[in-house]
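J.: Any chance you can model this:
(chains A and B)
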Number of protein chains: 2
Amino acid sequence: MKPRITLKKIAKEFGVSISTVSKALKDSHEISEDVRERIKAFADFYNYKPNSLALQLRNQKTSVIGVIVPEIVHHFFSQVIDGIEKYANEHGYSVMVCISNESYKKEVSNISVLTNGSIDGLIVSIARETQETQNFKHFEDLIKDDFPLVLFDRIIEDLQCDKVIIDDVGGAFQATEHLIDLGAKRVALLTTQDYISVGALRKEGYLKALVAKGVTIDESLIYRIEDNKNLYEQIEKVINVPNPPDAILAVNEIYAANALKVAKERGLAIPEDIAIIGFTSGLISEFTSPPLTSVVQHGFLMGQHAAELLINRIEHTAPEAFQKEVISTNLKVRKSTINS
Amino acid sequence: MKPRITLKKIAKEFGVSISTVSKALKDSHEISEDVRERIKAFADFYNYKPNSLALQLRNQKTSVIGVIVPEIVHHFFSQVIDGIEKYANEHGYSVMVCISNESYKKEVSNISVLTNGSIDGLIVSIARETQETQNFKHFEDLIKDDFPLVLFDRIIEDLQCDKVIIDDVGGAFQATEHLIDLGAKRVALLTTQDYISVGALRKEGYLKALVAKGVTIDESLIYRIEDNKNLYEQIEKVINVPNPPDAILAVNEIYAANALKVAKERGLAIPEDIAIIGFTSGLISEFTSPPLTSVVQHGFLMGQHAAELLINRIEHTAPEAFQKEVISTNLKVRKSTINS
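T.: Got it, this is the predicted structure:
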């Protein structure tokens, strides 16, 4: 690590006043070009970031937005990145993407690589491991430093920054209501482990709909899928049993598509014996047979909103208070719930 | 633009000899720390890149690999990125991804953003527009500068750099042969415009198989899909006609999945009336009904190989001659070609 540099140290180094250094860093023409360039080069080399100037200097420097996603082989995150790209490009910014691979350590290292002068601001969806261990110091450090930060989808409520989320509760509520309205008595939920915020929120929407519809909550119908175990086998234990549920809400498309596969192999009629809905922004749902009813997540729109919040923050056109935008979902009804 | 800086100019600026500057930039302890740091800061500010030191300085500086893909909402590219990530991480490198969005101009701008001191080397799959316009100066400049570069999937034969490709010809040959062996007389090809290198290569494999099997080439069975027009409608014109082909080879999964959909809607039995194969590394094929026979592309493996070639080049452990690796495909037979 280089030693931390201050205005005072730079002034001493060049034998000039602190005010001269400050003016040089602001590119003031009161200071001769030669001195200005030398002071700026020196400050640059030591990564000097004067608080009041930090954003301004950053803007001049990169016009690049950093993005960190938990994984890349996931249509939802690809769509969000696509939305970020679109908005950013239209507003003169480039985008650099890093992948945390669900690892806390990689997330920390991604942040350190990206914020080393390459980018003006950062958009992040948090890694599973970070959510699990609840260690958020790397984000708190950015916030302390006034570094523009937007969290999306997997967020941390307590962090003081802009956020964009899907209306996960509302989406799950609407889907569960749809299944009950169609006559389902035993709606199973295929969800993630509880520490994944979106899984927890979708469970909340599911439970609220049961209560609203006067259906008794049956904890044995809530299945928490483990990501490091065989997905198909875990779903077989839900459906390939003596008394399977008559409807399934899955918190993502892969769970839903596998549920459909297991149900068909067990000889169940869809939707007559078992109706299925998945959360998704994916490609699979419209090509399955029958096609899957889906809670559409609008990942592209989410990306656009995240980029808008960030660029407003970078360019000081955002309101001072941090914002939390909620993107509504909608239910795309296909033949896995209504066959007509 | 800052003026181009030379060893000589730096030496003059500091009133020292060229050899002193050179030693300072090499971090030689013959030069006092104070002078060394000032010279390095100055050189850094002016982006001075001495040829012989360039790689060494870069290695010390970033340990980051840049990746440029034409699009992100495409399972194949996601998989390649995942493979690059895996190999890079295991070897102490981080990865930054930019998206060209099929645009020549964005590709040029991505390269300029990434190579501005952020990365040690670059892995690229070339944008459609660049392939179309055949303007490769941005790559030639990198190569002149000895900047480590690996092209994958969509490559330019003439560029002097490392390359990784899928055996597109072999994959298409094997798939076409499979269809003819099953009795197909009129195998249609759903391909891209000819300037897309992978589309052209897959067409070559298709044509070779027809010749090898003694089937007459019928140009009217070769359909070049236009990306900016409605895909479904273009595919309807292939299948929803009086005398449809009895087999289809599609150069990607989306074309294949849509062909399956159109064929089913027209009341054709699959594979009895029409057998279908798609190139893919995607998720859709195993969830369609019937599931699609696929030419498996091994995107993850391709990413690993690209990262290996690049890191060897960065670390000077590669052979001097540039390498071209060819990743074999294999045919994953599902019920869209053999129903038993």
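
J.: Any idea how many residues pack against the residue in the stretch 151-300 of chain A that chain B sits nearest to?
T.: Residue of the stretch 151-300 of chain A nearest chain B, by CB to the nearest CB: A:Ser289 (3.1 Å). C-beta: built from backbone N, CA, C; applies to glycine. Neighbours of A:Ser289 under the rule other CB atoms under 10 Å in any protein chain shown: 18.

J.: Let me see the contact set for it.
T.: Contacts for A:Ser289 (CB atoms under 8 Å, 6 or more residues apart in numbering or on different chains) come out as B:288-289.

J.: Check A:Val296 too.
T.: A:280-281, A:329-332.

J.: what kind of secondary structure is A:Phe322 in?
T.: Secondary structure assignment for A:Phe322 (DSSP: H, G, I helix; E, B strand; the rest coil): coil.

J.: List the buried residues for stretch A:159-172?
T.: A:159, A:161-172 (16 or more other CB atoms under 10 Å in any protein chain shown).

J.: Quick one: mean pLDDT over that stretch.
T.: What stretch A:159-172 shows for mean pLDDT is 96.

J.: same check, this time on stretch A:205-217
T.: For stretch A:205-217, the mean confidence score works out to 97.

J.: cool, and stretch A:177-188?
T.: Mean predicted lDDT for stretch A:177-188 stands at 97.

J.: Contacts only, for the closest residue to A:Phe139 other than its chain neighbours.
T.: Leaving aside its sequence neighbours, A:Phe139 sits nearest to A:Leu159 (CB to CB, 6 or more residues apart in numbering or on different chains; 5.5 Å). Residues in contact with A:Leu159 (CB under 8 Å, 6+ apart) are A:136, A:139-140, A:143, A:149, A:151.

J.: Out of those, which sit inside helices?
T.: Within the contacts of A:Leu159, residues falling in helices by DSSP state H are A:139-140, A:143.

J.: Name the member of those with the shortest distance to chain B.
T.: A:Phe139 (18.3 Å).

J.: wait, that closest one sits on A:Leu149?
T.: Yes: at 6.8 Å, A:Phe139 counts as touching A:Leu149 under the criterion of CB atoms under 8 Å.

J.: Need the overlap of contacts for the two.
T.: With CB under 8 Å, 6+ apart, A:Phe139 and A:Leu149 have common neighbours A:124, A:159, A:161.

J.: The first one and A:Val80, how far apart?
T.: In this structure, A:Val124 lies at 11 Å from A:Val80, with CB to CB, to the nearest Å as the measure.

J.: chain center to stretch A:98-108, what's the gap?
T.: Computed by CA atoms, centre = their mean, to the nearest Å, the chain-centroid distance of stretch A:98-108 equals 13 Å.

J.: Could you do stretch A:247-262 as well?
T.: With CA atoms, centre = their mean as the basis, stretch A:247-262 stands 22 Å off its chain's centre.

J.: Check stretch A:240-255 too.
T.: For stretch A:240-255 - counting by CA atoms, centre = their mean - the centre lies 26 Å from the chain centre.

J.: Give me the mean pLDDT for it.
T.: 94.

J.: Buried ones in that stretch, by neighbour count?
T.: Result for stretch A:240-255 [16+ other CB under 10 Å]: buried residues A:244-255.

J.: got it, and stretch A:96-113?
T.: In stretch A:96-113, counting by 16+ other CB under 10 Å, buried: A:96-104, A:106-111, A:113.

J.: circling back: considering the ones in helices among the contacts of A:Leu159, which possesses the most neighbours?
T.: Busiest of the ones in helices among the contacts of A:Leu159 [other CB under 10 Å] is A:Phe139, holding 23 neighbours.

J.: Going by residue numbers, what spans are helices in chain A?
T.: Under DSSP H, chain A gives helices at A:7-14, A:18-25, A:33-45, A:51-61, A:75-90, A:104-114, A:128-133, A:137-144, A:168-181, A:197-212, A:231-239, A:253-265, A:299-314.

J.: And the ones you listed, which one averages the lowest pLDDT?
T.: helix A:51-61 (a mean of 43).

J.: list the contacts for the residue nearest to A:Glu102 when sequence neighbours are not counted?
T.: The shortest distance from A:Glu102 to any non-neighbouring residue, by CB to CB, 6+ apart, is to A:Arg128 (4.2 Å). Going by CB under 8 Å, 6+ apart, A:Arg128 touches A:70, A:102, A:195-196, A:227.

J.: which pair in the residues you listed spans the largest distance?
T.: Spatial extent of the contacts of A:Arg128 (CB to CB) is set by the pair A:Pro70 and A:Tyr195 at 13.2 Å.

J.: More neighbours: which of the two?
T.: A:Pro70 (24 against 14).

J.: State the phi and psi torsions of that one.
T.: Phi and psi for A:Pro70, reported as degrees, to the nearest 10, are phi -70, psi -30.

J.: That one contacts A:Glu129, correct?
T.: No: in this structure, A:Pro70 is not within contact of A:Glu129 by CB under 8 Å, at 9.2 Å.

J.: Quick check: neighbours shared by those two?
T.: Common neighbours of A:Pro70 and A:Glu129 (CB under 8 Å, 6+ apart) are A:Glu102.

J.: re the thing from before, same for chain B: which of the buried residues of stretch A:240-255 are within range?
T.: A:Ile254 (CB under 8 Å from any CB of the partner chain).

J.: Closest one to A:Gln234 out of the buried residues of stretch A:240-255, please.
T.: A:Tyr255 (9.1 Å).

J.: Nearest spatial neighbour of that closest one, chain-adjacent residues omitted?
T.: A:Leu190 (4.5 Å).

J.: Count residues in the vicinity of that neighbour, would you?
T.: What A:Leu190 shows, counting by other CB under 10 Å, is a neighbour count of 30.

J.: same deal with A:Asp181?
T.: 11.

J.: likewise the one 3 residues further on?
T.: Residue neighbour count, defined by other CB under 10 Å, stands at 22 for A:Ala184.

J.: Surely it and A:Leu249 touch.
T.: No: using CB under 8 Å, A:Ala184 makes no contact with A:Leu249, being 9.6 Å away.

J.: Give the buried residues for stretch A:201-215.
T.: A:201-203, A:205-210, A:215.

J.: which residues are in contact with it?
T.: Taking CB under 8 Å, 6+ apart as the rule, stretch A:201-215 contacts A:168-177, A:180, A:185, A:187, A:189, A:191, A:194, A:216-217, A:222, A:249, A:251, A:279.
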